[in-house]
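1. A predicted structure for the sequence below; I have some questions about it.
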Amino acid sequence: MTIKCNTENMRRWIEALESGEYEQTNGVLFDGTGYCCLGVLAKIQGYEFVPVGTKEHVGWGVPCPDVPRLPHTGLPPVAAVDWLGIDRSEVGGVLDNVLIRVETDYDGGSDRIHATEANDNGESFASIAAQLREMYGIEREA
């Protein structure tokens with residue numbers, strides 16, 4: 001199964017994940033030092049991360065154009081995912097995440113695994129990038 005996308009933009013994201021330039025974290029787009037895989041997606045598009053939270057806990061978020069006082073912290077703005085040009089009808093209509101694989105579950109049905117789920121369950125950027133290459137048909141350049 002290969003899903004259509006903007007191959008140039010998908011390749012940029014995959015190569016950023018493979019570059020070793022970004023430290024990996026989970027649970028948030030950016031924690032001050034590390035990024036989740038979708039945080040890397042936002043970063044390569046030029047989104048800036050701003051501090052959010054209380055004095056006791058400051059996280060980082062991407063400002064939301066529609067609601068500037070409520071930055072995105074766990075998932076990127078929909079526009080950041082739209083940049084990938086994925087046909088939403090092929091991935092279950094999810095707007096702010098990216099499908100990376102479909103698994104068969106215990107009763108023969110299928111489970112859709114998204115980038116944040118893989119990232120937050122400890123899969124490496126290299127593993128996520130490899131699955132993106134397969135799901136979206138992005139070959140390595142020679």
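-> On my side now, so go ahead.

2. Surely A16 touches L38?
-> No. Assessed by Cβ atoms under 8 Å, A16 is found out of contact with L38, at 11.5 Å. The way it works is simple: take the backbone N, C-alpha and C, and place the C-beta from them, glycine included.

3. more neighbours, these two?
-> Neighbour count, other Cβ atoms under 10 Å: between A16 and L38, L38 has more, with 27 against 19.

4. helices and strands around the helix or strand encompassing the more buried one, which ones?
-> Assigning secondary structure by DSSP states H and E places L38 in helix 37-44. Contacting helix 37-44 under the criterion 3 or more Cβ pairs under 8 Å, 6 or more residues apart in numbering; DSSP states H and E are the following elements: helix 7-18, helix 78-82, helix 115-120, helix 125-136.

5. Out of the ones you listed, which is the most enclosed?
-> Scoring the helices and strands packed on helix 37-44 by mean neighbour count under mean count of other Cβ atoms under 10 Å gives helix 115-120 as the most buried, with a mean of 21.

6. Could you tell me how far it lies from the centre of the chain?
-> From the chain centre to the centre of helix 115-120 is a distance of 8 Å (Cα atoms, centre = their mean, to the nearest Å).

7. What sits closest to E23 if chain neighbours are left out?
-> Excluding the flanking residues, the one nearest E23 by Cβ to Cβ, 6 or more residues apart in numbering is G34, at 3.9 Å.

8. any idea how far that neighbour is from Q24?
-> 6 Å (Cβ to Cβ, to the nearest Å).

9. Also M1?
-> Distance from M1 to Q24, by Cβ to Cβ: 26 Å.

10. neighbour count winner among G34 and Q24?
-> Remark: of G34 and Q24, Q24 carries more neighbours, 18 against 14, as counted by other Cβ under 10 Å.

11. Got the confidence number for that one?
-> With respect to pLDDT, Q24 scores 97.

12. right, and it touches N119 too?
-> Yes. With contacts counted by Cβ under 8 Å, Q24 reaches N119, the gap being 7.4 Å.

13. what residues do these two have in common as contacts?
-> 36-37 (Cβ atoms under 8 Å, 6 or more residues apart in numbering).

14. Pull the contacting residues for the residue most central in space within the chain.
-> The centroid of the chain falls nearest to L38 when counting by Cα atoms, centre = their mean (2.6 Å). If you count contacts by Cβ under 8 Å, 6+ apart, L38 has them with 29, 75-76, 80-81, 97-98, 115-116, 119.
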